[in-house]
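Q: based on what follows, work out the 3D shape:
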Amino acid sequence: MTRTSVDRRSGRTVALLLSCLACVVFLQWGISQGASMPVGWRVDPSTASQAELSMLPGVGPSLARAIILERTERGPFRSIDDLARVKGIGPARLAALRPWLRVEGAP
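A: Numbering: from 1, shown residues only. Just a heads-up that it's a prediction; the model follows:
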């Protein structure tokens with residue numbers, strides 16, 4: 001075995017270990033972010049602030065702004081399904097958001 005092959009192998013080992021460490025850190029960060037939302041916590045998209053909307057899984061600042069803009073232009077959401085009129089919210093995203101949403105006065 002030459003010195004070059006040993007150096008490459010140790011470099012790969014270090015890279016693999018750093019990758020694993022990064023995965024663990026990101027996984028822990030994601031778990032702690034999800035755990036910060038209280039059990040039973042739900043958001044009314046017709047009245048929620050941008051910060052509240054941004055806490056929803058899969059909703060960042062730009063989508064939160066789009067939700068607020070849509071309700072400003074077309075009025076409050078009468079049902080959770082009305083969120084489908086927001087650009088960027090399709091059936092899959094709406095299904096993922098549904099457990100975190102409530103609409104006051106909706107049946």
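Q: how near is residue 98 to residue 88?
A: The gap separating residue 98 from residue 88 is 16 Å, by CB to CB, to the nearest Å. C-beta: built from backbone N, CA, C; applies to glycine.
Q: repeat for residue 52
A: Counting by CB to CB, the gap from residue 52 to residue 88 is 17 Å.
Q: and residue 41, how far from residue 97?
A: In terms of CB to CB, residue 41 sits 13 Å off from residue 97.
Q: between those two, point out the one with more neighbours.
A: The residue with more neighbours, out of residue 41 and residue 97, is residue 97; 20 against 12, by other CB atoms under 10 Å.
Q: pLDDT at the more buried one, what is it?
A: Confidence at residue 97, expressed as pLDDT, is 94.
Q: now do the contacts for it.
A: 56-59, 80, 83, 89 (CB atoms under 8 Å, 6 or more residues apart in numbering).
Q: cool, residue 64 as well?
A: The contact partners of residue 64, by CB under 8 Å, 6+ apart, come to 50-51, 53-54.
Q: select from those the one having the most neighbours.
A: Most neighbours among the contacts of residue 64, by other CB under 10 Å: residue 53, with 22 neighbours.
Q: which residue is the nearest non-sequential neighbour of residue 85?
A: Counting by CB to CB, 6 or more residues apart in numbering, residue 85 lies nearest to residue 70, which is 6.2 Å off, once chain neighbours are set aside.
Q: for residue 102, same thing?
A: residue 42 (4.2 Å).
Q: with residue 87 instead?
A: Spatially, and ignoring its direct neighbours in sequence, residue 87 is nearest to residue 66 (6.1 Å; CB to CB, 6+ apart).
Q: let me see the domain layout of this protein.
A: As given by automatic domain parsing, the domain ranges for the chain are 1-36, 50-100.
Q: out of those domains, which gets the lowest mean score?
A: Taking the mean pLDDT of these, domain 1-36 comes last: a mean of 55.
Q: any idea which helix or strand carries the residue nearest to residue 87?
A: Residue 66 is part of helix 61-74, with elements assigned from DSSP states H and E.
Q: buried ones in that helix?
A: Residues of helix 61-74 classed as buried under the neighbour-count rule (16 or more other CB atoms under 10 Å) are 63-64, 66-68, 70-71.
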